[in-house]
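Asks: Quick one, what's the 3D model for this:
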Amino acid sequence: MTKAQLITEIAISTGFDKTTISTIVESYMSHVKKCMSNGENVYLRGFGTFELKARKEKVARNITKRSTVIVPAHSVPVFKPAKEFKSVVENAKPAAKRARKK
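Replies: Numbering: from 1, shown residues only. Below is the predicted model of the structure:
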């Protein structure tokens, strides 16, 4: 589902117009980004948690140049779903897989 499809679904279920819903969704996403860029985690009870995970500095290989590269320590955003979220997804019917183009 794309962001546009999500906005349409929310607009249909709430009765609000798409522009209002779009503003709310965009505002929500920008606030999550802002909080996480400030080092804060975002907790949504019953849905999940957006967390920052610290990654240590490591040595990696650039196989095309046959050299080693130092990857500096950095933070990575991750999503950890809540138990309710997991149970709803686990009990859902599997979606039909899209056919791959060859």
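
Asks: Low-confidence ranges, this structure, go.
Replies: The chain contains residues with pLDDT under 70 at 95-102.

Asks: Mind splitting it into its structural domains?
Replies: 1-39, 41-94 (automatic domain parsing).

Asks: tell me how far the last one is from the chain's mean position?
Replies: Spelled out, that is domain 41-94. With Cα atoms, centre = their mean, to the nearest Å as the basis, domain 41-94 stands 9 Å off its chain's centre.

Asks: What is the end-to-end distance of it?
Replies: 31 Å (Cα to Cα, to the nearest Å).

Asks: one step back: put together JSON lines for the domains of the chain, with mean neighbour count on each row.
Replies: The C-beta positions use only the backbone N, C-alpha and C, and glycine is treated the same way. Shown next, in JSON lines, are the domains of the chain (neighbours: other Cβ atoms under 10 Å):
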{"stretch": "domain 1-39", "mean neighbour count": "12"}
{"stretch": "domain 41-94", "mean neighbour count": "11"}
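
Asks: Which parts of this protein are helices?
Replies: For the chain, applying DSSP state H gives helices covering 3-14, 18-37, 83-90.

Asks: Which elements pack onto the second one?
Replies: Of the remaining helices and strands, those touching helix 18-37 by 3 or more Cβ pairs under 8 Å, 6 or more residues apart in numbering; DSSP states H and E are helix 3-14, strand 42-44, strand 48-55.

Asks: how about those, which one is nearest Met29?
Replies: Taking Cβ to Cβ, helix 3-14 is the member of the helices and strands packed on helix 18-37 nearest to Met29, at 8.6 Å.
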